[in-house]
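*Asks:* just a sequence and a predicted model for now, questions to come.
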Amino acid sequence: MRRILLALIAAIGLIIAIPSSANAADEWYTSSNYPSDKGYGYVGSSSSTVSGVYQHLTMYRENNYVALWASVGDEATDGYCAGQEIAYQVYVNGSWSSDYHKRMVPVHDCSTNGVDNSGGYFYSKYKTRNVHSRACHVDSSGRKIHCEGTWHGPI
C-alpha cells in the first residue's frame, strides 16, 4: 500500500511539473473594449466558408500585441456547430516561438439562423505574430471535432 501511495504521489508530481501546452488559455484575455480605443490599429482579416461553417477573424495590433475579433456562423443543418481555430507565434524570453501555438477561439454557433456569433475582443498577453485561422466543426459545447485542412492568413 505504501508503494502505491508513493507511486501515486510521484505521478502527481510529474503531472504538476509538466509545462502547460502551447494552447494555454492564459495567452489571451477577453474585453469588450474596441481595440482602437486602446491604441491598436487595424491590420487585416481572414475568412473562409467550408462544409457549412463560416469563420472570419479581424486583427488589430499595437507594438506586436494583437486584438482579435472572431466571428463564426453555422450555415448547415448537418448536426455540427461552427467553430474557429487560430494558430500564431508568440515572443517569449527574447525570441519568437518556432512552433505555432494553436487554440480554439472561445466562440461557437449552433443556430443555423443566418446570424453569426462573436464573443467580444480577444487580446494577446504576449507579443504575437503570424496569426492564421480556419473553420472547424465543433460540438454544442464548442469542443473541436475536425477542422478544414487549409489555414487562412497570416494576418
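*Replies:* Arrived safely. Numbering: from 1, shown residues only.
*Asks:* how about the helices in the chain?
*Replies:* 2-17 (DSSP state H).
*Asks:* pLDDT weak spots in it?
*Replies:* For the chain, applying pLDDT under 70 flags the ranges 1-25.
*Asks:* apply 50 and report the result again.
*Replies:* 1-23 (pLDDT under 50).
*Asks:* please enumerate the strands of it.
*Replies:* 28-31, 41-50, 53-62, 65-74, 81-92, 95-96, 101-104, 117-124, 127-138, 144-147 (DSSP state E).
*Asks:* and these: which comes nearest P154?
*Replies:* The minimum distance between P154 and the strands of the chain falls on strand 127-138, with 4.1 Å, by Cβ to Cβ. (C-beta placed from N, C-alpha, C; glycine too.)
*Asks:* how far off centre is that closest one?
*Replies:* Centroid displacement of strand 127-138 relative to its chain, using Cα atoms, centre = their mean, to the nearest Å, is 6 Å.
*Asks:* and that strand with strand 53-62, angle?
*Replies:* 170 degrees (axes from the mean of the first three to the mean of the last three Cα atoms, to 10 degrees).
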